[in-house]
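> The sequence and its predicted three-dimensional model are supplied below.
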Amino acid sequence: MTRTLAIAAAMAAAVTGLAQAQDAGAGKDVFKKCASCHAVGEGAKSTISGPVLNGLEGRKAGSVKGFDYSAQNKKSSLTWDRATFLDYIKDPKAKIPDTYMVFPGIKNEGEAADLWAYLRQFGPDGKMK
Ligand code: HEC
């Protein structure tokens, strides 16, 4: 009985792991829509077009040093987590009026979730967590 349970648990873990890997993989593709303005990964830096997105999970909005944010973004007092990100990315201007981010949003919830799975992997130093 215990053995059967252990096998079932291992299988469930394997399936979950696989699903997460696929999500992040798909999210890497979705990130192409962001890459003209944002960078992630080791050595990634903010550019004039957008703040670096490393360490996004748990980061306060408008907190990347040296990036010239809009007043609205800085004042938003958002902290980036899954729910906040998904709400923002479907329509950035609705969440942060007058944002400098000129992007219509990602309406497809599956794509947005994949994108979060991809982005949350990067720690503040750009290494995979
Ligand atoms: C045309 C350029 C552009 C594109 C494309 C773009 N962004 Fe942005 N993004 C910006 C700018 C500029 C800001 C800063 C906004 C401000 O200061 O109001 C920003 C801000 C953000 C923030 C808030 C960061 C912080 O530190 O508070 C997140 C999260 C974000 N973008 C994610 C994305 C994602 C994910 C995509 C792709 C789906 C994307 N952006 C596409 C330019 C862009």
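Perfect, I can see it now.

> Quick one: name the residues of the protein near the ligand.
Proximity of the chain to the ligand (Cβ under 6 Å from any ligand atom) is limited to residues 33-34, 36-38, 49-51, 56, 61-64, 69-70, 72-73, 80, 89, 99-103, 106, 115. To be clear about C-beta, it is placed using only N, CA and C from the backbone, and glycine gets the same treatment.

> what do you get if the cut-off is 5 Å, keeping everything else the same?
Within the chain, the residues that sit near the ligand (Cβ under 5 Å from any ligand atom) are 33-34, 37, 50-51, 61-62, 69-70, 73, 99-103.

> Could you work out the most separated pair of those residues?
33 and 62 (21.6 Å; Cβ to Cβ).

> Any idea how many residues pack against the residue nearest to residue 62 when sequence neighbours are not counted?
Counting by Cβ to Cβ, 6 or more residues apart in numbering, residue 74 is the residue found nearest to residue 62 once chain neighbours are left out, at 3.7 Å. Residue 74 has 14 neighbouring residues, counting by other Cβ atoms under 10 Å.

> just checking, residue 87 touches residue 95?
Yes - counting by Cβ atoms under 8 Å, residue 87 does reach residue 95; the two are 6.0 Å apart.
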